[in-house]
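Undergrad: Any chance you could fold what I've pasted below:
(chains A and B, ligands or ions: 3)
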Amino acid sequence: MATKTPIRLTINHESYDVEVEPRWLLSDVIRHQLGLIGTHVGCEQGVCGACTILVDGKPERSCLVFAVQAEGADITTVEGLSTDPQHLTALQESFRDHHALQCGYCTSGMLLTATALLKKEPHPTEDAIREALSGNVCRCTGYQFIVDAILAVANGSKEVQE
Amino acid sequence: MKPGAFEYRKATTVKDAVAWLHSDLNSKILAGGQSLVPVMNFRLAHPSLLVDINEIAALHQITFNADTVTLGALVRHQEMAESTEVRDRLPLLAVTARHIGHWAIRNRGTLGGSLAHADPASEWPAVMVALEAQIQVEGPDGARTIPASEFYLGYYTTELAADEIVTAVTISRTRHRLGFAEVARRPGDFALAGSIVEDFGDGQGSVTWFGVAGKPERVVLALPEEESARARSFQSALGKLSQLDDDRHRQQLAVTVAERAFQHSRLTGHEYLTFEGGQV
Ligand SMILES: Cc1cc2nc3c(=O)[nH]c(=O)nc-3n(C[C@H](O)[C@H](O)[C@H](O)COP(=O)(O)OP(=O)(O)OC[C@H]3O[C@@H](n4cnc5c(N)ncnc54)[C@H](O)[C@@H]3O)c2cc1C
Ligand code: FES
Ligand code: FES
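TA: Ligands and ions are numbered 1, 2, ... in the order given. So this is what the prediction gives:
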């Protein structure tokens, strides 16, 4: 049994003190130690994008970083997009309105990537949206409704919340 | 799968990192982790010690001088794509960076990691060979500089010793027009074939491929005005590579991407390597 190291993670503006083995992936610590199971795990090799989280506002793969490396970073998972359970962000609502999800496995990664894109570039073109999402695989929707949902927010007046 | 157990240490100086690498022959540097962590997840690598270099501040710098630019090993692919200074003064690098993986991969993956990993299909090794860059490394016996052309030995193999670390890369000013092109199945995938073409402006130039041989090699060749003559010139340059892949389709693709890179070099604008005040 390897020795564990105490670390403090900042996720969705909350502090979590956990003890981790160095080999534990951030994706697994988020899911298994912290119970934030909105972050999904598909491939564990950086390809599918299901595990995408925001690290200091930028999309990163939580399956390709060890939890010990994430101390001091400001992390956002899908649970942190809207703080009020009764209220969805404009982007989340738009996903619902446009049927941008079926099984939902890819959805958290899609939402986080698109949230970061809209923050950086509030009115992206369809090409820019497709380019940003090229690292997030969806096996259900064929992408069109996801792109539509993001375009609707990009073209609309709705503010995107973090 | 999950990685095997290892000891984890965070270095804040190159000296510490080198000393730790030297103390354990089964140690590995952890930079962006975008190549190392996947192979650890699949247990294809099982280092006993990981030396995390992300907090070595000196390795994050991009420094422009009058005739050179030095890029620290920890410059992230996305920084290279977005830095206004790089876009203005080294547009070829910004164009190249956009072709590497996906946004989330680029946010973490580093220049030094890519150079050390030496995937034959990766962009940075070929770009550095094409630009005749100098790779700076540091080991227990001090620092040394290795020309990119001598750094690559073959598939995933470099001159780097197990206890050496890539610290930076230096590129000298060139006034030649440069072009870049690659073909991948989907955006973000590794290239099936890619190329950097340099036009000396006197009917001569150079071509460097990635994805078509075990290591990048810069070949000087004629660049005739006539397209079919140029294709023949690319074809014979391809034959000079020492570790050419024997896939015929890939070889044809190589000639096509070289032509596209040549066309890219001809675009008006600034798709060539220049420095402030530099005229092409
Ligand atoms: C889905 C996906 C798609 C990708 N697509 C592409 C692509 O199209 N093109 C491309 O080029 N790459 C691609 N990559 C790889 C990516 O660019 C990596 O960032 C890069 O290859 C390695 O850099 P890193 O900083 O992540 O290195 P790490 O993964 O941390 O390390 C890689 C290796 O280099 C060693 N190393 C790291 N830094 C140093 C150093 N400074 N000195 C000495 N040794 C060092 C490590 O010990 C390890 O052996 C992709 C990766 C993924 C997951
Ligand atoms: S689980 Fe991380 S990218 Fe697929
Ligand atoms: S909704 Fe099923 S994978 Fe995207």
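Undergrad: got the residues of chain A near ligand 3?
TA: A:L101, A:Q102, A:C103, A:G104, A:Y105, A:C106, A:C138, A:R139, A:C140, A:T141 (C-beta under 6 Å from any ligand atom). (Each C-beta comes from the backbone N, C-alpha and C, glycine too.)
Undergrad: Can you flag the buried ones in those residues?
TA: A:L101, A:Y105, A:C106, A:C138, A:T141 (16 or more other C-beta atoms under 10 Å in any protein chain shown).
Undergrad: how near is the second one to ligand 1?
TA: When you say that, I think you mean A:Y105. 18 Å (C-beta to the nearest ligand atom, to the nearest Å).
Undergrad: pretty sure that residue is in contact with A:T39, am I right?
TA: No: using C-beta atoms under 8 Å, A:Y105 is not in contact with A:T39; the gap is 11.4 Å.
Undergrad: Can you list the buried residues in the helix or strand hosting B:H22?
TA: Using DSSP states H and E, B:H22 maps to helix B:14-23. Within helix B:14-23, the residues scored as buried using 16+ other C-beta under 10 Å are B:V14, B:A17, B:V18, B:W20, B:L21, B:H22.
Undergrad: From the residues you listed, pick the one nearest ligand 2.
TA: Checking those against ligand 2 with C-beta to the nearest ligand atom, the nearest one is B:A17 at 26.9 Å.
Undergrad: List the residues that contact that closest one.
TA: By C-beta atoms under 8 Å, 6 or more residues apart in numbering or on different chains, the contact set of B:A17 is B:A11, B:I29, B:V51, B:I53, B:I56, B:I165.
Undergrad: and A:H87, what helix or strand is that in?
TA: Assigned by DSSP H and E, A:H87 falls outside every helix and strand.
Undergrad: got it, and the one 5 residues further on?
TA: According to DSSP H and E, A:Q92 maps onto helix A:90-97.
Undergrad: biggest separation within the buried ones among the residues of chain A next to ligand 3, which pair?
TA: A:Y105 and A:T141 (10.9 Å; C-beta to C-beta).
Undergrad: what's the burial count for the residue in the stretch 51-200 of chain B positioned nearest to chain A?
TA: Nearest residue of the stretch 51-200 of chain B to chain A (C-beta to the nearest C-beta) works out as B:H102 at 2.5 Å. B:H102 is flanked by 25 other residues according to other C-beta atoms under 10 Å in any protein chain shown.
Undergrad: Contacts only, for it.
TA: A:G49, A:S134, A:G135, A:N136, B:P187, B:G188.
Undergrad: closest to ligand 2 among these?
TA: Closest approach between the contacts of B:H102 and ligand 2, by C-beta to the nearest ligand atom: A:G49, at 5.2 Å.
Undergrad: where along the stretch 51-200 of chain B do the strands fall?
TA: B:62-64, B:68-72, B:134-139, B:142-147, B:152-154, B:157-158, B:165-172, B:177-183, B:193-199 (DSSP state E, counting those that start in this stretch).
Undergrad: need those in JSON lines with mean pLDDT, mean neighbour count and distance to ligand 3, can you?
TA: Listed next are the strands of the stretch 51-200 of chain B as JSON lines, based on pLDDT from 0 to 100; neighbours: other C-beta atoms under 10 Å in any protein chain shown; distance: least, C-beta to the nearest ligand atom, whole Å:
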{"stretch": "strand B:62-64", "mean pLDDT": "94", "mean neighbour count": "15", "distance to ligand 3": "38"}
{"stretch": "strand B:68-72", "mean pLDDT": "95", "mean neighbour count": "20", "distance to ligand 3": "37"}
{"stretch": "strand B:134-139", "mean pLDDT": "98", "mean neighbour count": "21", "distance to ligand 3": "41"}
{"stretch": "strand B:142-147", "mean pLDDT": "98", "mean neighbour count": "13", "distance to ligand 3": "45"}
{"stretch": "strand B:152-154", "mean pLDDT": "97", "mean neighbour count": "18", "distance to ligand 3": "39"}
{"stretch": "strand B:157-158", "mean pLDDT": "98", "mean neighbour count": "16", "distance to ligand 3": "38"}
{"stretch": "strand B:165-172", "mean pLDDT": "96", "mean neighbour count": "22", "distance to ligand 3": "38"}
{"stretch": "strand B:177-183", "mean pLDDT": "93", "mean neighbour count": "23", "distance to ligand 3": "27"}
{"stretch": "strand B:193-199", "mean pLDDT": "95", "mean neighbour count": "27", "distance to ligand 3": "30"}
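Undergrad: Would you mind giving those as CSV with distance to B:S83 added?
TA: Listed next are these as CSV, based on distance: least, C-beta to C-beta, whole Å:
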stretch, distance to B:S83
strand B:62-64, 7
strand B:68-72, 10
strand B:134-139, 20
strand B:142-147, 24
strand B:152-154, 26
strand B:157-158, 26
strand B:165-172, 14
strand B:177-183, 17
strand B:193-199, 20
